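J.: Build me a model:
(one chain, ligands or ions: 1)
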Amino acid sequence: MVAFSRRVPQRLESNRLTEAAAARGEIPFDLSVSNPTACGLPYPDGLLAGLADPAGLRYRPDPFGPPGTRAAVAREYERWGARVDPARVVLTASTSEAYSLLFKLLCDPGDTVVTPTPSYPLFDQLSRLDGLATHPLPLDPDDDWRPVLAAAHAAPDTTRAVIVVHPNNPTGSYLHPEDADALASTCRGRGWAVIADEVFLPFPLAGGPGSERSFATREDALTFTLGGLSKSAGLPQLKLAWIVVSGPEALVAAALARLEYIADAYLSVSTPVALAAPQILSASATVRSAISERCRGNLVILRELAAGLPAVTVPSVGGGWSALVRLPAVLDDEEMAVRLLTERGVAVQPGFLFDLPMDGAIVLSLLTPEPIWRKGLAEIFDAVRSWL
Ligand SMILES: Cc1ncc(COP(=O)(O)O)c(C=O)c1O
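T.: This is a model prediction of the structure:
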């Protein structure tokens with residue numbers, strides 16, 4: 001009998017919603033689609049032409065990636081008025097991989113990372129796969145989703161890092177500058193690092209305090225700022241992301257030396273993708289505009305259609321690709337999502353998947369093509385009326 005690692009759950013069961021989706025087959029109104037390449041967005045011709053650059057025929061292993069690409073990533077931060085030194089940019093194959101490298105850099109098995117809740121559902125899985133525990137940092141729905149800082153202070157002594165998502169998925173909320181300062185001060189005092197996931201920073205909607213700031217040049221605590229092509233250029237299939245390291249000089253140098261050791265063991269970034277990235281980054285503004293336009297337009301439609309229903313609320317969305325919709329909590333959110341799928345052919349994400357601390361919340365993808373969005377929303381609101 002082989003004993004498998006407890007990093008992977010012993011029972012790999014699908015949830016009711018996945019089973020309902022498999023049983024249904026085709027879904028006419030998928031309002032949960034988060035893959036930008038499946039949403040009919042216009043990508044400029046020749047966007048990937050650089051992948052054929054003959055320079056990609058030569059393998060020059062470099063743990064942090066080609067210098068020209070790191071410089072191009074550093075230039076991206078000029079949009080937030082931040083001057084990033086390319087020597088502090090580390091390329092990775094995805095943000096998920098960036099988390100894994102950072103967990104290896106900062107933590108021993110059994111250590112703890114503080115994770116925001118509600119937030120990106122993958123944190124539990126990613127930390128468990130690196131043998132780590134999580135400690136929740138609740139975001140307060142009655143206070144613009146600001147973090148309950150006392151919860152970070154109460155984190156165990158095994159804590160090594162605090163993750164912030166700026167803006168957060170799915171609440172769309174930015175980390176308020178006062179909270180960013182307070183968290184950095186706690187981290188500096190306790191010897192923890194800050195991991196700031198800014199994959200949605202290029203996509204502001206209503207904005208909010210902090211929306212114009214990146215963590216990439218914070219100097220007060222050891223800080224790792226994450227970004228990547230999967231969101232900033234709408235190209236998750238290219239598998240290119242990055243970490244920007246900042247903080248007190250000596251800590252940055254020590255962290256970079258160790259990150260180089262870790263990255264050198266994997267060398268996972270593809271050379272043709274890394275070489276094509278500077279040109280893709282400079283051409284990606286049009287993709288970002290198309291995505292932003294889609295998200296803004298869909299949010300307007302959502303508010304219009306929800307306006308006639310007093311029991312439905314659409315909280316402000318600071319930034320990102322998701323909208324939270326609060327429906328009357330006549331059913332639990334999993335039941336609601338299953339019924340919308342089986343009875344109406346509409347796919348939504350139930351709030352519990354993100355640990356949303358309220359009943360009746362669903363999460364919708366603002367990337368959804370407009371005709372599907374309109375029809376799907378009409379189905380949802382019609383169903384809600386029938387449940388009341
Ligand atoms: C907050 C957050 N970080 C990271 C990612 C994924 O990024 P990548 O494709 O680079 O792993 C997502 C994807 O939805 C996300 O919501």
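J.: How about the contacts made by Ala282?
T.: If you look again at residue 282, you'll see it is Ser, not Ala. The contact partners of Ser282, by CB atoms under 8 Å, 6 or more residues apart in numbering, come to Ala72. The C-beta positions use only the backbone N, C-alpha and C, and glycine is treated the same way.
J.: Next, it: phi, psi?
T.: Backbone geometry at Ser282, expressed as degrees, to the nearest 10, gives phi -70, psi -20.
J.: Count the neighbours of the residue in the stretch 151-300 of the chain that the ligand sits nearest to for me.
T.: Distance from the ligand to each residue of the stretch 151-300 of the chain (CB to the nearest ligand atom) is smallest for Ser230, at 3.5 Å. Ser230 is flanked by 21 other residues according to other CB atoms under 10 Å.
J.: wait, isn't it in contact with Ala93?
T.: No: under the criterion of CB atoms under 8 Å, Ser230 makes no contact with Ala93, lying 10.3 Å away.
J.: okay, and the common contacts of these two?
T.: Contacts common to Ser230 and Ala93, judged by CB under 8 Å, 6+ apart, are Ala241.
J.: near the ligand, which residues of this structure?
T.: Contact residues (CB under 6 Å from any ligand atom) of the chain with the ligand: 34, 94-96, 120, 165, 169, 197, 199, 228, 230, 236, 241.
J.: Among those residues, which one lies nearest to Thr342?
T.: Ser34 (21.4 Å; CB to CB).
J.: would you say the closest one is within a strand?
T.: No: counting by DSSP: H, G, I helix; E, B strand; the rest coil, Ser34 is not part of a strand but coil.
J.: Do a quick rundown of the helices in the protein.
T.: Using DSSP state H, the helices of the chain run over 16-24, 67-76, 95-106, 122-129, 149-153, 177-190, 229-232, 249-266, 271-283, 285-307, 333-344, 370-387.
J.: circling back: can you redo the residues of the chain next to the ligand as TSV, where the extra columns are distance to Glu335?
T.: As requested, the residues of the chain next to the ligand are exported to TSV (distance: CB to CB, whole Å):
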residue	distance to Glu335
Ser34	22
Ser94	33
Thr95	32
Ser96	30
Tyr120	24
Val165	28
Asn169	24
Asp197	31
Val199	31
Gly228	35
Ser230	32
Pro236	31
Ala241	36
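J.: And these, which two are furthest apart?
T.: Val165 and Pro236 (17.0 Å).
J.: Looking at these two, which is more packed in?
T.: Remark: of Val165 and Pro236, Val165 carries more neighbours, 26 against 18, as counted by other CB under 10 Å.
J.: Tell me the bridge partners for the more buried one.
T.: Following DSSP bridges, Val165 is listed with bridge partners Asp197.
J.: tell me the pLDDT at it?
T.: If you check Val165, the pLDDT there is 98.
J.: Okay, it and Arg11: tell me how far apart.
T.: Here Val165 is placed at a distance of 28 Å from Arg11 (CB to CB, to the nearest Å).
J.: on that earlier part again, kindly reformat the helices of the chain as CSV and extend each row with distance to Arg218 and mean pLDDT.
T.: Formatted as CSV, the helices of the chain follow (distance: least, CB to CB, whole Å; pLDDT from 0 to 100):
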stretch, distance to Arg218, mean pLDDT
helix 16-24, 38, 91
helix 67-76, 15, 98
helix 95-106, 15, 98
helix 122-129, 21, 98
helix 149-153, 16, 96
helix 177-190, 6, 98
helix 229-232, 20, 98
helix 249-266, 11, 98
helix 271-283, 22, 98
helix 285-307, 24, 97
helix 333-344, 36, 94
helix 370-387, 37, 96
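J.: Highest mean neighbour count out of those?
T.: Each of the helices of the chain was scored by mean neighbour count; the highest is helix 229-232, a mean of 24, by mean count of other CB atoms under 10 Å.
J.: which helices and strands does that helix pack with?
T.: Helix 229-232 is packed against helix 271-283, with contacts defined by 3 or more CB pairs under 8 Å, 6 or more residues apart in numbering; DSSP states H and E.
J.: got the angle for the helix it packs on vs helix 67-76?
T.: 30 degrees (axes from the mean of the first three to the mean of the last three CA atoms, to 10 degrees).
J.: Please save the CA atoms from helix 271-283 in CSV.
T.: Extracted in CSV, the C-alpha atoms of helix 271-283 (Å, rounded to 0.1, in the frame of the first residue of the first chain):
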residue,chain,number,x,y,z
THR,A,271,12.7,31.2,-23.2
PRO,A,272,10.5,32.1,-26.2
VAL,A,273,7.8,33.5,-23.9
ALA,A,274,10.2,35.5,-21.8
LEU,A,275,11.8,37.0,-24.9
ALA,A,276,8.4,37.9,-26.5
ALA,A,277,7.2,39.4,-23.2
PRO,A,278,8.5,43.0,-23.7
GLN,A,279,6.7,43.4,-27.0
ILE,A,280,3.6,41.7,-25.6
LEU,A,281,3.6,44.0,-22.6
SER,A,282,3.8,47.1,-24.7
ALA,A,283,1.0,45.9,-27.0
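J.: any idea how far it is from the chain center?
T.: With CA atoms, centre = their mean, to the nearest Å as the basis, helix 271-283 stands 21 Å off its chain's centre.
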